[in-house]
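Chemist: no sequence for this one, just the structure:
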């Protein structure tokens, strides 16, 4: 039986054929095809009519329409006489009284019987649900009388769960014996896929086929319209992927089909569908609060359905039924996590939502925001709807947006916070509050992408009326932004022009002075002038200089080579004991953290950084916030935590277009060095090459970058280029009165370049100056580094003595100095080899390679192994796991620990610092592949030393005497 373009409708045509046979024998009956919009009812009816016409059945047909004039019995009239125009034989068309309708119905029935008497008759009525009520009633009555007549009454009726209240169907009052009902279901997956592959070919990409199936939702109307659009766009064959938007589908048959489908659903169903599309599109853009905008706090589909019903102004029970039916039809599916209904494909969702204007969509979000606010939903859920609605003109909307901005800032989603604050400014709020919002927004805009848009907002905030505290916050934020753009003079002028009198607001006045001191770091001349005045004031009137400003003086004197680390920390700790005003406390904590990091008091520096960040508003531009983050990075670098320095992909990413940018920061400088030390030279070159030193503003961070680029060039075999960078770094630092190596040890690095270039005298002179300044500061890190380089420059027996002194100084350190101990061991090993002590040299170099491997310092490990080869070692590759990999020091400590001694007892027995004991145990645990102290004895007694398999486990310092910290 030919079915033409029909798929999976053979059963329906067979039913028609069987019932037509009964009708030809005089046993007529009603056959009713029911189905949802777009399932092919009309196409099936036409195929059935064509089928039975070939069997010589005479055909009467009518297609009902909602656009027909409301003439009683109009559909029946057109069935019997397609050319009729409203007049009924034997009576006027406007007779609508009960008696007239009965008479008209009787005449139409007699006419129908007379047609049937002429031979077997097929009466086909399409879309009976659109017929006038009297015609539907007439057809129902006719179905009761067909038995005994050679008539097959074939009717199609839309049958789909809608939000709109349904009208009774044509067969609702008929007994089952008088009607055969066949329901048209959506196409099966097999049939739909066959239809898609008939367009795209057998080799169509699976993802493309899946997209078509979901966008078509098993609905023949939608699926064929989509395929027609795709065919018109690109001919036969499947493209790589479906278009991302309905706007890309030409000529737009798919969107038109979706619109027609919605029109047939009724106004309430269409409103619910479009509301769902708007909310779902929004839900896909939910920004990280985990619940989405449509939740009710329970995070389930039921709560979302209630919100959907309220937002659309529909009966919740009907909406629940509609979503369930739509899922069954394939138009919707459910979110596998939250159970919420959603459209089967983004194209379908977009086509549904596209029927509404932007204003209407905004109204949906406005309604949803109000509903969620009344429910007490979280601020961000409500605020994300407010972003897409017009201004409310109410105070609660501004409150919600500001609360949401705070949540976004705490979650480090500054882009979201910017959007909330911009939208909040559209709502009414007090003048002082608007000033504060402008300050916060301008700060975030600048910090997010160094956008100049933030500076006008900060300037506006400064101009607006506000409290002295608001004025100072705005001025400090504006000054910070200007200084970071290289406009230090303008930044200081902004702070200088503030009308904050010390007699009225002493704490605010001191905060302004301290901020000025920090901002002066961005310009060498301004810095020198400012600190000269500050030192003069401190000497003449000490009472006028508070703890934070005194801490800045300590920092200045430390960089100028005028203080030892011990003296500096003694003064800093005394200042931290003094009470300080909240407005000034961040400056004190940040400066103290910087000095503590220089003094290798890394744990104390970490604590001060945490305290400093905790007392600051996270979204306001403040000169101390980047300073604190820089200290955190400096501490990570000192500990050799290269992974932490490279954790943020944005820090080490070069521009995609290959261009260059100005103003590298401290984080980028550390990233370059971390990439070098981990052996990723190509990445390091790309990152360093993405910055233009010439176009950058003068700052200490630029000096740090020059040092980092010099490290890269030296590691890549370009000592001349590296020396140029190191000397330029030193020239810039010295011009700022920064002569101590606490910031960047450029002299040691330059001395090594001189050596590589065959200039031992210049190398020794530079190294001796570094050693002199390092001795003033007096930390093992600086002293050990200077001794190492001075030993390399000196050579001979004296050079070996200096190298051994460097190792002793670093071994005895209580701080984490492994990043300096590795190169010191390599230098000592080379000196021992040069002195003919190859056995000691190999042991020292193996220890260096093992320690470098523990740090992840690929470059230093390679240098140690290269030096090992130079000693004639049989294997240049050091054994890094198993008991044989332990150094003598690690083995001694591990044996004592396995014997039950605590870390403190081991430190006393071996005359070591407790931190050194912990370092040895950390390395031993990793090499032995164990996690607990109780496993040490077994691991040490293994006959086969290669049994360690835990090289990939996390390494860290044991936190106590019992087990490896997790």
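Modeler: Looks like it arrived, so ask away. As the structure is a computational prediction, the values presented were derived from the model and not from experiment.

Chemist: check contacts around residue 755.
Modeler: 763, 792-793 (CB atoms under 8 Å, 6 or more residues apart in numbering). In this view, the C-beta of every residue, glycine as well, is placed from N, C-alpha and C.

Chemist: mind doing that once more with 10 Å?
Modeler: Applying CB atoms under 10 Å, 6 or more residues apart in numbering to residue 755 gives the contacts 719, 762-764, 766-767, 789, 792-793, 795.

Chemist: just the buried ones from these, in PyMOL syntax?
Modeler: Those of the contacts of residue 755 that count as buried under 16 or more other CB atoms under 10 Å are selected in PyMOL with:
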select buried, resi 719+762+763+764+766+767+789+792+793
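
Chemist: nearest to residue 82 among the contacts of residue 755?
Modeler: residue 719 (98.3 Å; CB to CB).

Chemist: okay, that closest one: pLDDT?
Modeler: In this model, residue 719 is scored at 96, pLDDT.

Chemist: re earlier: so of the contacts of residue 755, which ones are in helices?
Modeler: Cross-referencing these against helices under DSSP state H gives 719, 762-764, 766-767, 789, 792-793.

Chemist: nearest to residue 367 among these?
Modeler: Nearest to residue 367 among the ones in helices among the contacts of residue 755, with distances taken as CB to CB, is residue 719, at 69.6 Å.

Chemist: list the buried residues of stretch 766-775.
Modeler: Those would be 766-771, 773-774, for stretch 766-775 by 16+ other CB under 10 Å.

Chemist: low-confidence stretches in this structure?
Modeler: 1-5, 84-96, 235-240, 282-301, 450-451, 874-882, 884, 929, 931, 941-966 (pLDDT under 70).

Chemist: all strands for it, in order.
Modeler: With DSSP state E applied, the chain shows strands at 29-35, 58-63, 121-126, 151-158, 179-184, 332-334, 341-343, listed in chain order.

Chemist: am I right that residue 549 is in contact with residue 534?
Modeler: Yes - at 6.4 Å, residue 549 counts as touching residue 534 under the criterion of CB atoms under 10 Å.

Chemist: what residues are shared contacts of these two?
Modeler: 513-514, 517.

Chemist: quick one: which of the residues you listed is most hemmed in?
Modeler: Highest neighbour count within the shared contacts of residue 549 and residue 534, by other CB atoms under 10 Å: residue 514, with 27 neighbours.

Chemist: pretty sure that one sits against residue 589.
Modeler: No - here residue 514 lies out of contact with residue 589, judged by CB under 10 Å, at a distance of 11.7 Å.

Chemist: and for the closest residue to residue 762 other than its chain neighbours, the neighbour number?
Modeler: Nearest residue to residue 762, sequence neighbours excluded (CB to CB, 6 or more residues apart in numbering): residue 754, at 4.3 Å. Residue 754: 22 surrounding residues under other CB under 10 Å.

Chemist: please verify my assumption that residue 754 contacts residue 770.
Modeler: No - counting by CB under 10 Å, residue 754 stays clear of residue 770, with 11.9 Å between them.

Chemist: what's the overlap in contacts for those two?
Modeler: Joint contacts of residue 754 and residue 770 (CB under 10 Å, 6+ apart) are residue 789.

Chemist: on that earlier part again, quick one: the shared contacts of residue 549 and residue 534 as a markdown table, columns for distance to residue 487 too.
Modeler: Below are those laid out as a markdown table (distance: CB to CB, whole Å):
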| residue | distance to residue 487 |
| --- | --- |
| 513 | 19 |
| 514 | 20 |
| 517 | 17 |
